[in-house]
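Peer 1: next one to model:
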Amino acid sequence: MNISEAILNRKSIRAYRSTPVSDDNLAQIIEAGRWAPNAGPFQISVVRNAALLKKINDRTHNAMLDSTNEFLRQRASLPGYQPLYEAPVVILLSGPDNTPFPIHNTVLAAENMLLMATGLGLGTCLIFSITAALNGTKNQDLAREAGIPSGYSLQCAIALGHAAAQNKFSMNDRTRRGSVNYVD
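Peer 2: Below you'll find the predicted structure:
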């Protein structure tokens, strides 16, 4: 698959099979993230431990239910909803608290990883709601357990795995977004 095909075929997968992601595929995805454009340091933490993923999922779910954001509360209230979509791998992207561009660095790395995973035939979903479960002083215990260094904050995460046949929490079909103007 070339880059144009990966861009057009990438979509958010919100249901995964329990099939593990191969070490080779995971290494290629992580390496793609490390080559992203950046303006400073960032951390990639790969979580495959099922018990830890459940803890992160449950804390994210509770944070969504307690959120002041109506969309997050509604999503978390759907029967059977799991914020990490039972993905066998979750990649956490964090950046130092004392630098100006941690979100930019991590989202660019995430995009590279999303496209590489698509090219390898794997499913992904970019997740921001997980930040409520891993940032702040009350969440330091779980953040450290998940490999986020002290002095860093989670910026985004990627659910990664083999797509399940049914994707009941899918939003809508993808459409082009953004407006364009040319200034010549």
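Peer 1: tell me how far the lengthiest helix in the chain lies from the chain's centre.
Peer 2: As far as residue count goes, and with DSSP state H defining each element, the longest helix of the chain is helix 102-119. Relative to its chain's centre, helix 102-119 lies at 9 Å (Cα atoms, centre = their mean, to the nearest Å).
Peer 1: which secondary structure element contains the residue positioned nearest the centre of the chain?
Peer 2: The centroid of the chain falls nearest to residue 158 when counting by Cα atoms, centre = their mean (2.0 Å). In the assignment (DSSP states H and E), residue 158 maps to strand 152-161.
Peer 1: restricting to C-alpha, output that strand in CSV.
Peer 2: Extracted C-alpha coordinates of strand 152-161, given in CSV (Å, rounded to 0.1, in the frame of the first residue of the first chain):
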residue,chain,number,x,y,z
TYR,A,152,5.4,14.3,31.3
SER,A,153,1.7,14.5,30.5
LEU,A,154,-0.2,12.2,28.2
GLN,A,155,-1.3,14.0,25.0
CYS,A,156,-3.0,11.3,23.1
ALA,A,157,-3.1,7.5,22.6
ILE,A,158,-3.6,5.0,19.9
ALA,A,159,-5.7,1.8,20.2
LEU,A,160,-4.0,-0.8,17.9
GLY,A,161,-4.9,-4.3,16.8
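Peer 1: for the longest helix of the chain, name the packing helices and strands.
Peer 2: Identification of packing neighbours for helix 102-119 by 3 or more Cβ pairs under 8 Å, 6 or more residues apart in numbering; DSSP states H and E yields helix 3-9, helix 23-34, strand 89-96, strand 123-127, strand 152-161. (Each C-beta comes from the backbone N, C-alpha and C, glycine too.)
Peer 1: just put the ones you listed in JSON lines and tack on distance to residue 182 and mean pLDDT.
Peer 2: Below are these laid out as JSON lines (distance: least, Cβ to Cβ, whole Å; pLDDT from 0 to 100):
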{"stretch": "helix 3-9", "distance to residue 182": "21", "mean pLDDT": "90"}
{"stretch": "helix 23-34", "distance to residue 182": "31", "mean pLDDT": "98"}
{"stretch": "strand 89-96", "distance to residue 182": "33", "mean pLDDT": "98"}
{"stretch": "strand 123-127", "distance to residue 182": "29", "mean pLDDT": "97"}
{"stretch": "strand 152-161", "distance to residue 182": "31", "mean pLDDT": "98"}
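Peer 1: now render the ones you listed as TSV, adding distance to residue 52.
Peer 2: Rendered in TSV, the data for the helices and strands packed on helix 102-119 read as follows (distance: least, Cβ to Cβ, whole Å):
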stretch	distance to residue 52
helix 3-9	29
helix 23-34	16
strand 89-96	9
strand 123-127	15
strand 152-161	13
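Peer 1: sweet, I'm off.
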